[in-house]
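Asker: Sequence and computational prediction follow.
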Amino acid sequence: MNPLSPHMARIVLSLALLLTLAVPALHAQPRDASPQAQLKALLDDDLTASRRRFPTFAAIRGIPGYLKLLPDMSLAELDRERARERAALGRLKRMDARALHGQERISYELLLDKMERAVERQQFPDADALVFSTLGGPQNMLPRAAELTPLRKEQDYRDYVTRIRAMPRYVDQVIERSKAGQPTATAGSLRSFLSKVMNAGASKVAGTPFK
């Protein structure tokens, strides 16, 4: 390959410098966006976060990409979600809501209320340990999802098998989070309890495509 001439080398370096300077400007663009554009970005982000937090519900609705997933119940994901909520609330409060009208203003107020409540709940971290009981948890969520999730083609079944293989990890995460609110409980006792409630809900799987 022929080396670049000094003139061409200067042009290439200049272009590279312009691109380097342009990257921060691209990242800063959302800050200067209109209130309408900022609200849309926040609503889209919240919808994506909700689907990521409850992928089984997204799969039941037939939204692609969620059939193989289970909720990430890890403490690290909980911290990330809390940070997202605080950041979203800050962006909403800095937004000029007076520029929003009609449905946009309603959506703003609803999202603001949702984020305020979410951040307020962060004052009570022990509540995040209430991840299963006789009224709700993996023992009824997983069988119910098996009943309601649409499986229409071969890939759907393959994705669902991937979800099944992820269940032990999911249960371990549920146990880890529950221990955060019950420091005296042992992993063995929690596994025993969860095994019992999972077996109690197993009959709900009858009638699914796997029976």
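Answerer: Looks like it arrived, so ask away.
Asker: so where is this structure shaky, pLDDT-wise?
Answerer: Within the chain, the segments meeting pLDDT under 70 span 1-32, 181-211.
Asker: so where does the most centrally placed residue in it fall, helix or strand?
Answerer: By CA atoms, centre = their mean, the chain has its centre lying nearest to Arg52, at 2.9 Å. Using DSSP states H and E, Arg52 sits in helix 35-53.
Asker: What are the contacting residues of that helix?
Answerer: 30, 33, 57-58, 63, 66, 71-72, 81, 84, 88, 91-92, 95-97, 99-100, 104, 107-108, 111, 114 (CB atoms under 8 Å, 6 or more residues apart in numbering). Using the backbone N, CA and C atoms, a C-beta is placed for each residue, glycine as well.
Asker: Would you list the buried entries among the residues you listed?
Answerer: Buried members of those, scored by 16 or more other CB atoms under 10 Å, are 57-58, 66, 71-72, 81, 88, 91-92, 95, 97, 100, 104, 108, 111, 114.
Asker: any idea which helix or strand comes after the helix or strand encompassing Ala59?
Answerer: Under the criterion of DSSP H and E, Ala59 resides in helix 55-60. Downstream of helix 55-60, the next assigned helix or strand under DSSP H and E is helix 75-94.
Asker: so that following helix versus helix 35-53, what angle?
Answerer: Angle of helix 75-94 versus helix 35-53, following axes from the mean of the first three to the mean of the last three CA atoms, to 10 degrees, is 160 degrees.
Asker: can you pull the buried residues of the strand or helix carrying Glu120?
Answerer: In this structure, Glu120 sits in helix 103-121 according to DSSP H and E. Residues of helix 103-121 classed as buried: 104, 108, 111-112, 114-115, 118 (neighbour count, 16+ other CB under 10 Å).
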